[in-house]
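1. how does the following fold in three dimensions:
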Amino acid sequence: MPISAKIRMPLDIAMTVATLVLMGGNYFFESTAVHEILGVVLLVLWAVHITLNRRFFLSLFKGRYNAFRILQAVVNCGIFLCAIFLMVSGIMLSNHVFAFLGIESGANFSRTAHLLASHWYYVFMSFHIGLHVSLIANRLGLAGAFKSKAALVATRIVAALVAGYGIYAFVIRGLWKYMFLQQPFFFFDAERGYALFFADYIAIVVLFAVAVHYVAKVMLKYSHYRK
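-> Residues are numbered from 1 along each chain as shown. Below is the predicted model of the structure:
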């Protein structure tokens, strides 16, 4: 097995974990430097991820597009665009890692851009996971287990329950406010605690992943039917 295939799953897991931690803003660590360093780490992981999947971006302007390919392109390009905004705004806001650049202007714009891009990045990342559910199951060695009807039904029930809770978490955490600039700053609800923060945000990932997974299945089925 080539080295690129071996590192894909650990790389994707590391990117997802880093994203979840970064979604907590500066509230998880005493020093804001940790948030900045973790942001740089995520940027490096992103560079590796894009390098491994460069064929997708190189093929964007080739071939015909059906509904599924359009969805895939929108999701992947959405993540990429958000990552660019996160990188630029993060550098402008930096008080530690990139402080040597001496950037003192544009703080209001960069804070708004960082807040907006981070939450859209999170949603697009969830969509991206949903588009690759089958691939993830194969890499984790779970594809065989899903051949059992009982296991498949149980998995769908659990996914539906978690996604249902994800709707509640999405509302109670007010993510839509950040996504549409209805709240200009990030609020961390300390009363709900750190463990519940991760539970809520993981459930939201499941919510959007499940939703786009079934949307993609319908698109693929429709495209196959048309053929």
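2. okay, Ile103: pLDDT?
-> You'll see Ile103 listed with a pLDDT of 91.
3. which one is it nearest to, not counting chain neighbours?
-> The spatially closest residue to Ile103, leaving aside those adjacent along the chain, is Met92, at 5.2 Å (C-beta to C-beta, 6 or more residues apart in numbering). In this view, the C-beta of every residue, glycine as well, is placed from N, C-alpha and C.
4. secondary structure element for the one you found?
-> Using DSSP states H and E, Met92 falls within helix 67-93.
5. so what does the worst-scoring helix or strand of the chain on mean pLDDT touch, helix or strand wise?
-> Scoring the helices and strands of the chain by mean pLDDT, DSSP states H and E places helix 133-139 at the bottom, with a mean of 81. Applying 3 or more C-beta pairs under 8 Å, 6 or more residues apart in numbering; DSSP states H and E, we find helix 133-139 packed against helix 3-22.
6. go through the helix it packs on and flag the buried ones.
-> Judged by neighbour count (16 or more other C-beta atoms under 10 Å), helix 3-22 contains these buried residues: 8, 11-12, 14-16, 18-22.
7. any idea which residue is closest to the centre of the chain?
-> The centroid of the chain falls nearest to Met125 when counting by C-alpha atoms, centre = their mean (2.2 Å).
8. touching, that one and Thr19? I think so.
-> Yes - the pair Met125 and Thr19 passes the contact test of C-beta atoms under 8 Å, sitting 6.0 Å apart.
9. what angle do the helix ranked longest in the chain and helix 3-22 make?
-> In terms of residue count, the longest helix belonging to the chain (DSSP state H) is helix 193-226. The directions of helix 193-226 and helix 3-22 differ by 130 degrees, with axes from the mean of the first three to the mean of the last three C-alpha atoms, to 10 degrees as the criterion.
10. helix 193-226 packs against which elements?
-> In terms of contact count using 3+ C-beta pairs under 8 Å, 6+ apart, helix 193-226 is assigned the packing partners helix 3-22, helix 67-93, helix 107-131, helix 149-172.
11. list of residues touching the first one?
-> Put plainly, it is helix 3-22. 28, 35, 38-39, 41-42, 45-46, 48-49, 52, 118, 121-122, 125, 129, 136, 139-140, 198, 201-202, 205 (C-beta atoms under 8 Å, 6 or more residues apart in numbering).
12. go again with 6 Å.
-> Outside helix 3-22, the residues within contact range by C-beta atoms under 6 Å, 6 or more residues apart in numbering are 38, 42, 45, 52, 125, 139, 201.
13. are any of the residues you listed buried, and which?
-> In those, burial by neighbour count holds for 38, 42, 45, 125, 201, counting by 16+ other C-beta under 10 Å.
14. out of the residues you listed, flag the one nearest to Ala160.
-> Within those, proximity to Ala160 (C-beta to C-beta) peaks at Tyr201, which comes in at 18.5 Å.
15. from Leu152, how far off is the closest one?
-> Plainly put, Tyr201 is 26 Å away from Leu152 if you go by C-beta to C-beta, to the nearest Å.
16. next: Tyr165.
-> Noted for Tyr165: a distance of 21 Å to Leu152, by C-beta to C-beta.
17. for Ala159, same thing?
-> Computed with C-beta to C-beta, the distance linking Ala159 and Leu152 is 11 Å.
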